[in-house]
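A.B. asks: A predicted structure for the sequence below; I have some questions about it.
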Amino acid sequence: MRSDVSGRYSLVGLGLSEQGRNLGIAPRELRRVALEAALADAGLAPKDIDGVIGSSSDMFEDIRYLGLAPKFAYTMQTGGATPAWSIINAMGAIATGQADVVACIYGAAPTGGYLRRADGSVGGYGNFGFGYGSLYGLIGAPGAHALHARRHMDRYGTTSRHFGAVAVDLRANAAVRPGTIGYGQPITIDDHQASRPIVDPLRLLDCCRDTDGGVAVLVCSTDRARDLPGRHVTVLGAGTGHQIRNWWTGEMYDLHDDIAPAATTAFGQAGLELSDVDVAELYDPFTFSVIMQLEAYGFCGPGEGGPFVEAGGIRGGGTIPTNTGGGQLSGFYCTGFTPIVEGIRQLRGDGGATQVDGAEVALVSGHGGHGGVQGSSTHVTLLLGAGQ
Amino acid sequence: MTPRRLLPADVAPDDLDRPFWEGVEQHRFLVHRCRTCGRSYWPASSCVDHGGANMEWTEASGRGQVHTFAVYRQAVDPAWADRVPYVVAVVRLDEGPFFHSDLPGIPVDDVAIGQLVHVEYEDVEGGTIPHFVVDGR
């Protein structure tokens, strides 16, 4: 049974800065470029924005720099789940009468020296430590995620070649998508197998790369959206789950996030089944993240994700075309906005060479932050629909 | 290899986990246990069923098994460059909680999920680092 909230709110403006490595552009300037693009896309002016939600902690400076006069502005942080969460928060602000148009804004330059270590050297997202685990060298996202990947291999016989199948398919999507880091550079499974080990079982081509870039998405009621000149995308359902639940049960390393409650809430709100989903845009910092999410959402059975991908399950024309813009792995890494951006593009028919014909429902996921122990991330599920 | 030196902030952001680190200085491995139901936690936690008012630090067996592991083939942090390849394992303690550790004394390619491990202690400047070691190594 579809909930009242389903379809009531829409994403009306999508704006991106250039996305890439070493752009040499300050984060707040990336955010300005993204916001102005989103306003132009929606046919709105800066004064129309009466709420701002940022997903970078350094964003308070922005309000003045962007020339905005909102009724509220705040930043929130649950890692890579923040962008999808910020959209849900924007819906809540509109529902409670706090705003009519909320701008959800991200912009960071991790490759540009903006994440400087205490000792003055330059690090990226991959240098994060994890409390006492750092005593033993548990540093950076690849090591933390490899713990899950290893467990999956041990339980199900998943192989590095299965991970490679994800890398190859997503690179193929990026190779035909201008503006991605993988544009014009397809890879083969042999390239993947020959890429150097980073943190076993993850090889170089199992890992995404930090990129600089800004993204802005404007949220308003669907009634308002229909009066705007731009093309809107509706939020059909949204749900969340927190992996700390699986920490308590001892299942944390067997699962990629606590997807069950997130999916149940989102699909329940939307009144949709998995078979209604036309395209999946999954948070994919690492190849196996795609495999584990395909299983958790039910596109294939537990442990079948590797063979499913190897058989073409996530390619165009396959069971569920996935990360059609190359994802974070081969497209660009603007944390949780990477899947959101591509979900919007697909539903607006802007997917170029990897457009899924007639795409009406997109599944978008977010993943990040933690609940007091490395790996206990928040998961967000968004079900987006083509606007009408 | 860089000499180890523990700084207070390396292990405990505040005083709540400090009893554990004081315990390892005495070569005792503690878990945080609910007096009401006997369930063990690590690090400092409230019991999911009974809250935080009735928790105590209590000595554990110092034994467990390898639940999962990662092998660093490339140092993310330059400070670890002279240690690669090295293992970071998640140990499932016999009392239930997880604990991250390296597994000194075993070639990285010989590590396997399910191996039985026990704790040993390395006294360093500023404190003691507990390490889980595969039995028989």
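C.D. replies: Everything's here; your move.
A.B. asks: Restricting to C-alpha, output the lowest-mean-pLDDT helix or strand in chain A in CSV.
C.D. replies: Lowest on mean pLDDT, DSSP states H and E among the helices and strands of chain A sits helix A:62-65, with a mean of 91. As requested, C-alpha coordinates have been extracted for helix A:62-65 and formatted as CSV (Å, rounded to 0.1, in the frame of the first residue of the first chain):
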residue,chain,number,x,y,z
ASP,A,62,28.9,29.2,2.0
ILE,A,63,25.7,31.0,2.8
ARG,A,64,27.4,34.4,2.5
TYR,A,65,29.6,33.3,-0.4
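A.B. asks: Let me see the contact set for the closest residue to residue A:22 other than its chain neighbours.
C.D. replies: Excluding its sequence neighbours, the residue lying closest to residue A:22 (C-beta to C-beta, 6 or more residues apart in numbering or on different chains) is residue A:111, at 5.1 Å. Every C-beta, even on glycine, is put in place using the N, C-alpha and C of the backbone. Taking C-beta atoms under 8 Å, 6 or more residues apart in numbering or on different chains, we find residue A:111 in contact with A:21, A:22, A:23, A:124, A:210, A:211, A:212.
A.B. asks: Could you check how far residue A:321 is from residue B:103?
C.D. replies: Look at residue A:321 and residue B:103: by C-beta to C-beta, to the nearest Å, they are 41 Å apart.
A.B. asks: Can you tell me which residues in chain B are near chain A?
C.D. replies: By the rule C-beta under 8 Å from any C-beta of the partner chain, the part of chain B lying against chain A is B:6, B:10-13, B:17, B:43, B:48, B:67-78, B:80, B:83, B:85-86, B:88, B:90, B:92, B:96, B:98, B:100-102, B:108, B:113, B:129, B:131.
A.B. asks: Following element in sequence after whichever helix in chain B runs longest, please.
C.D. replies: For chain B, the helix reaching the highest residue count under DSSP state H is reported as helix B:18-25. For helix B:18-25, the succeeding helix or strand toward the C-terminus, using DSSP states H and E, is strand B:30-34.
A.B. asks: Sheet partners, orientation included, of that following strand?
C.D. replies: Here the strand partners of strand B:30-34, with direction, are listed using DSSP bridges: strand B:40-41 (antiparallel), strand B:55-59 (antiparallel).
A.B. asks: highest average neighbour count across those strands?
C.D. replies: Each of those was scored by mean neighbour count; the highest is strand B:40-41, a mean of 19, by mean count of other C-beta atoms under 10 Å in any protein chain shown.
A.B. asks: quick one: pLDDT of the nearest residue to residue A:3 once chain neighbours are set aside?
C.D. replies: Excluding the flanking residues, the one nearest residue A:3 by C-beta to C-beta, 6+ apart is residue A:269, at 4.3 Å. At residue A:269 the predicted local distance difference test score is 98.
A.B. asks: repeat for residue A:98
C.D. replies: 98.
A.B. asks: Might you report the residue contacts of residue 32?
C.D. replies: Since you didn't name a chain, this refers to chain A. Contacts of residue A:32 were listed using C-beta under 8 Å, 6+ apart, and they are A:62, A:65, A:66, A:214.
A.B. asks: nope, chain B please
C.D. replies: For residue B:32, the contact set (C-beta under 8 Å, 6+ apart) comprises B:20, B:40, B:41, B:42, B:43, B:44, B:45, B:55, B:56, B:57, B:58.
A.B. asks: Now it: closest residue in space that isn't a chain neighbour?
C.D. replies: For residue B:32, ignoring the flanking residues on the chain, the nearest one in space by C-beta to C-beta, 6+ apart is residue B:41 at 4.6 Å.
A.B. asks: which residues does the one you found contact?
C.D. replies: B:31, B:32, B:33, B:34, B:47, B:55, B:96, B:97.
A.B. asks: Does stretch A:148-157 reach chain B?
C.D. replies: Yes: counting by C-beta under 8 Å from any C-beta, chain B is contacted by stretch A:148-157 at A:148, A:150, A:151, A:154.
A.B. asks: Only C-alpha atoms, please: export that stretch in CSV.
C.D. replies: Taking Å, rounded to 0.1, in the frame of the first residue of the first chain, the C-alpha atoms of stretch A:148-157 are listed here in CSV:
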residue,chain,number,x,y,z
HIS,A,148,33.7,-7.7,4.6
ALA,A,149,35.0,-8.8,1.2
ARG,A,150,37.2,-11.5,2.8
ARG,A,151,34.3,-12.9,4.8
HIS,A,152,32.1,-13.1,1.6
MET,A,153,34.8,-15.0,-0.2
ASP,A,154,35.2,-17.4,2.7
ARG,A,155,31.5,-18.0,3.1
TYR,A,156,30.5,-18.3,-0.6
GLY,A,157,33.5,-18.9,-2.7
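A.B. asks: If you count neighbours, what's buried in that stretch?
C.D. replies: Neighbour-count burial for stretch A:148-157, with 16 or more other C-beta atoms under 10 Å in any protein chain shown as criterion, is recorded at A:148, A:149, A:150, A:151, A:152, A:153, A:154, A:156.
A.B. asks: Over to stretch A:339-353?
C.D. replies: Under the neighbour-count criterion of 16+ other C-beta under 10 Å, stretch A:339-353 has A:339, A:340, A:341, A:342, A:343, A:344, A:345, A:346, A:347, A:348, A:351 buried.
A.B. asks: Return the item of the contacts of residue A:111 having minimum pLDDT.
C.D. replies: Confidence by pLDDT is poorest for residue A:124 among the contacts of residue A:111, given 61.
A.B. asks: neighbours of residue A:244, just the number please.
C.D. replies: The criterion is other C-beta atoms under 10 Å in any protein chain shown. On that basis, residue A:244 has 18 neighbouring residues.
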